[in-house]
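Participant: following is a predicted model, sequence given first.
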Amino acid sequence: MKEKTVFASRRARVLPLLNEFTDANETRADAFLSTALPNVRYLTGFTGSNGAVLITPLRAILFTDPRYTTQSAQEADCDIRIAKGPLAKKVASVANRLRLKSVAVELNRLSFQDHQQLAKLLTGVQLKPVTGLVETLRMVKSSDEIATIRASVNLNSVALEQAMTRFKPGMTEIDLAAEIDYRMRLLGADGTAFDTIVASGRRSALPHAHPTAHPIEVDELLLIDMGATLAGYASDMTRTYVVGKAGTKIRRMYKAVLDSQLTALALLKPGMTCAKLDRAVRDVLRGYGLDKLFMHSTGHGLGLEIHERPRIGRKEAVKFEAGMTVTIEPGVYEEGTGGVRIEDTVVVTERGCEVLTPTKKDLVVL
């Protein structure tokens with residue numbers, strides 16, 4: 001028998017939670033199936049690009065294809081089935097053999113095609129939709145997960161520091177983004193957590209701008225949003241610079257965003273709802289008359305994915321808990337002028353929060 005692992009402990013929590021994620025009028029499912037790779041990794045340790053895990057009261061079974069025969073045996077701590085065709089076909093075969101009556105599937109993760117295929121192949125097995133079960137488990141990180149995220153955050157910050165030593169006016173957004181990505185890899189990152197954002201001048205008013213061949217000129221804003229992935233875990237940071245001279249308007253925008261971010265960091269604590277924290281940020285920006293230029297949420301969870309629960313937005317009723325890792329990233333964006341965003345990765349503690357991002361956030365004029 002394989003030694004009980006952290007993955008087995010996580011799986012043990014899944015079936016007892018099914019009642020909370022199943023329609024009140026339905027009975028609880030006999031088993032749970034996950035096909036989302038981040039959830040499969042969280043529940044089994046398997047890091048391949050094709051996998052599914054079926055959890056029953058007596059066992060857990062990882063399904064993958066022949067490319068991962070050796071890797072799955074090295075990584076996963078549960079039974080393994082290798083499928084030479086579609087995973088859905090192998091999953092259905094095992095579920096039928098186990099005489100399962102119902103299987104909970106992830107409504108927000110399972111494709112319509114896979115759902116149709118499973119429904120066709122399963123014999124007398126009802127598929128019951130659930131949403132966000134594993135994602136809810138993933139919201140609160142273990143000490144080991146937090147340590148990995150901390151390392152990812154530190155790597156991310158060092159990569160920015162190194163990349164900015166190569167910066168000079170006239171460098172294109174694409175070239176600076178490539179330098180940042182290169183530095184991450186040199187420092188040992190698995191890769192980027194998302195496509196690195198480098199936006200300058202008026203383009204910095206686009207919250208998710210893609211780098212272009214636009215030269216970064218003097219007297220322009222420069223917004224950099226970047227994240228590394230290390231051992232599967234993401235980091236996320238945004239810093240905004242001024243190239244050349246910072247005028248009064250830009251300095252005021254920067255001060256407003258920094259004040260709102262610092263306010264959020266001071267208020268964040270267990271028991272507070274995400275919506276309340278988001279509202280506090282908007283109240284600060286409203287005091288500067290800039291709240292209408294803030295067009296996204298205050299932040300989001302991160303871990304095995306760059307965007308995880310909870311979402312720190314206007315309507316999010318989830319309460320913060322110690323062990324959650326989230327971003328705090330207010331911003332203001334004015335068309336024709338540019339945008340300012342300041343983002344840190346933080347972990348919620350028993351009494352407040354700890355900012356993991358070490359990069360300074362005072363206004364830097366390059």
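Facilitator: Right, received. Where do you want to start?
Participant: where along the stretch 51-200 of the chain do the strands fall?
Facilitator: Counting by DSSP state E, counting those that start in this stretch, the stretch 51-200 of the chain has strands at residues 52-55, 60-64, 79-82, 102-106, 126-130, 191-192, 197-200.
Participant: tell me which element R286 is part of?
Facilitator: helix 274-287 (DSSP states H and E).
Participant: quick one: contacts of the very next helix or strand once past that helix?
Facilitator: For helix 274-287, the following helix or strand on the C-terminal side (DSSP H and E) is strand 299-301. Residues from elsewhere that reach strand 299-301 (C-beta atoms under 8 Å, 6 or more residues apart in numbering): 139, 264, 307-312, 324-329, 343. To be clear about C-beta, it is placed using only N, CA and C from the backbone, and glycine gets the same treatment.
Participant: where do the helices sit along the stretch 1-150 of the chain?
Facilitator: 6-11, 14-21, 37-44, 69-75, 87-97, 112-121, 133-138, 143-164 (DSSP state H, counting those that start in this stretch).
Participant: I174 reaches H210, doesn't it?
Facilitator: No: counting by C-beta atoms under 8 Å, I174 stays clear of H210, with 9.1 Å between them.
Participant: distance of L262 from V346?
Facilitator: 12 Å (C-beta to C-beta, to the nearest Å).
Participant: looking at those two, which has the bigger crowd around it?
Facilitator: V346 (22 against 15; other C-beta atoms under 10 Å).
Participant: any chance of JSON lines for the strands of the stretch 51-200 of the chain, columns distance to E20?
Facilitator: Listed next are those as JSON lines, based on distance: least, C-beta to C-beta, whole Å:
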{"stretch": "strand 52-55", "distance to E20": "16"}
{"stretch": "strand 60-64", "distance to E20": "20"}
{"stretch": "strand 79-82", "distance to E20": "26"}
{"stretch": "strand 102-106", "distance to E20": "11"}
{"stretch": "strand 126-130", "distance to E20": "9"}
{"stretch": "strand 191-192", "distance to E20": "35"}
{"stretch": "strand 197-200", "distance to E20": "37"}
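Participant: same list (those strands) but as CSV, adding mean neighbour count.
Facilitator: Below are the strands of the stretch 51-200 of the chain laid out as CSV (neighbours: other C-beta atoms under 10 Å):
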stretch, mean neighbour count
strand 52-55, 25
strand 60-64, 24
strand 79-82, 16
strand 102-106, 22
strand 126-130, 18
strand 191-192, 16
strand 197-200, 26
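Participant: do you know which of these lies nearest P16?
Facilitator: strand 52-55 (11.1 Å; C-beta to C-beta).
Participant: who does that closest one pair up with?
Facilitator: Applying DSSP bridges to the sheet, strand 52-55 is found paired with strand 31-34 (antiparallel), strand 60-64 (antiparallel).
Participant: quick one: contacts for A209?
Facilitator: 197-199, 203, 223.
Participant: returning to what we had before: mind putting the strands of the stretch 51-200 of the chain into JSON lines with mean pLDDT and distance to G336?
Facilitator: As requested, these are exported to JSON lines (pLDDT from 0 to 100; distance: least, C-beta to C-beta, whole Å):
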{"stretch": "strand 52-55", "mean pLDDT": "98", "distance to G336": "49"}
{"stretch": "strand 60-64", "mean pLDDT": "98", "distance to G336": "51"}
{"stretch": "strand 79-82", "mean pLDDT": "98", "distance to G336": "57"}
{"stretch": "strand 102-106", "mean pLDDT": "95", "distance to G336": "43"}
{"stretch": "strand 126-130", "mean pLDDT": "93", "distance to G336": "46"}
{"stretch": "strand 191-192", "mean pLDDT": "98", "distance to G336": "30"}
{"stretch": "strand 197-200", "mean pLDDT": "98", "distance to G336": "14"}
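Participant: could you give the angle of the helix or strand bottoming out on mean pLDDT in the chain to strand 102-106?
Facilitator: When the helices and strands of the chain are compared on mean pLDDT, DSSP states H and E, helix 14-21 comes out lowest with a mean of 88. Here the directions of helix 14-21 and strand 102-106 differ by 80 degrees (axes from the mean of the first three to the mean of the last three C-alpha atoms, to 10 degrees).
Participant: so who does the residue nearest to the spatial centre of the chain touch?
Facilitator: The residue lying closest to the centre of the chain (C-alpha atoms, centre = their mean) is I306, at 2.2 Å. By C-beta under 8 Å, 6+ apart, I306 lies in contact with 193-194, 227, 234, 236.
Participant: same thing but at 10 Å, please
Facilitator: Residues near I306 by C-beta atoms under 10 Å, 6 or more residues apart in numbering: 192-194, 227, 229, 233-236, 300, 327.
Participant: which two among these are spaced furthest apart?
Facilitator: T192 and H300 (16.9 Å).
Participant: re the thing from before, for P358, find the nearest of the strands of the stretch 51-200 of the chain.
Facilitator: When those are compared by C-beta to C-beta, strand 191-192 sits nearest P358, at 19.1 Å.
Participant: that closest one pairs with which strands?
Facilitator: Strand 191-192 has these strand partners (DSSP bridges): strand 228-230 (antiparallel).
Participant: could you look up the next helix or strand downstream of the strand it pairs with?
Facilitator: Next helix or strand after strand 228-230 toward the C-terminus (DSSP H and E): strand 233-234.
Participant: do I have it right that V365 meets Y241?
Facilitator: Yes: here V365 reaches Y241: they are 7.3 Å apart, a contact under C-beta atoms under 10 Å.
Participant: out of these two, which sits in the busier spot?
Facilitator: Y241 (21 against 11).
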